[in-house]
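1. following is a predicted model, sequence given first.
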Amino acid sequence: MAESVSVQRRKKQRQRPDVTSLVAAPSVSAGCFVTQRQQLQTHALRPVALQRGAAQPVLRAAGLIRQDTSAIQTQQQAG
């Protein structure tokens with residue numbers, strides 16, 4: 001009788017899972033695609049490159065001012 005129990009356990013382990021018990025992927029609604037497209041368009045329309053181009057001269061000038069002030073301070077300390 002012990003042999004029959006072990007044989008039954010092996011058969012159960014060898015059985016493939018039932019395909020119907022697997023969870024199917026949820027279907028994506030059309031509304032989801034619309035919102036994704038809108039988000040992509042708003043992201044693509046942001047003028048990041050234009051903002052970077054407008055801010056670049058200001059940031060460059062601030063960096064030059066910092067360099068000048070540090071150079072002046074070192075000259076004053078040396079002399």
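-> The structure has been received and is ready for your questions.
2. between the two ends of stretch 38-57, how far is it?
-> End-to-end distance of stretch 38-57 (CA to CA, to the nearest Å): 33 Å.
3. any idea how far S70 is from Q56?
-> As judged by CB to CB, to the nearest Å, S70 and Q56 stand 21 Å apart. The C-beta positions use only the backbone N, C-alpha and C, and glycine is treated the same way.
4. please enumerate the helices of this protein.
-> 2-14, 30-45, 48-78 (DSSP state H).
5. which stretches of the protein have low pLDDT?
-> 1-28 (pLDDT under 70).
6. need the helices of the chain in a markdown table with mean neighbour count, can you?
-> As requested, the helices of the chain are exported to a markdown table (neighbours: other CB atoms under 10 Å):
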| stretch | mean neighbour count |
| --- | --- |
| helix 2-14 | 8 |
| helix 30-45 | 9 |
| helix 48-78 | 10 |
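7. quick check on P47: phi, psi?
-> phi -80, psi 60 (degrees, to the nearest 10).
8. how far away is it from R60?
-> For P47, the distance to R60 - CB to CB - is 20 Å.
9. do A49 as well
-> Taken as CB to CB, the span from A49 to R60 is 17 Å.
10. next: G79.
-> Where R60 is concerned, G79 sits at a distance of 29 Å (CB to CB).
11. with Q51 instead?
-> Distance from Q51 to R60, by CB to CB: 15 Å.
12. check Q75 too.
-> 23 Å.
13. ok, Q38 next?
-> For Q38, the distance to R60 equals 36 Å [CB to CB].
14. then T69?
-> Counting by CB to CB, the gap from T69 to R60 is 15 Å.
15. what of Q73?
-> In terms of CB to CB, Q73 sits 21 Å off from R60.
16. for stretch 39-56, measure first residue to last.
-> 27 Å.
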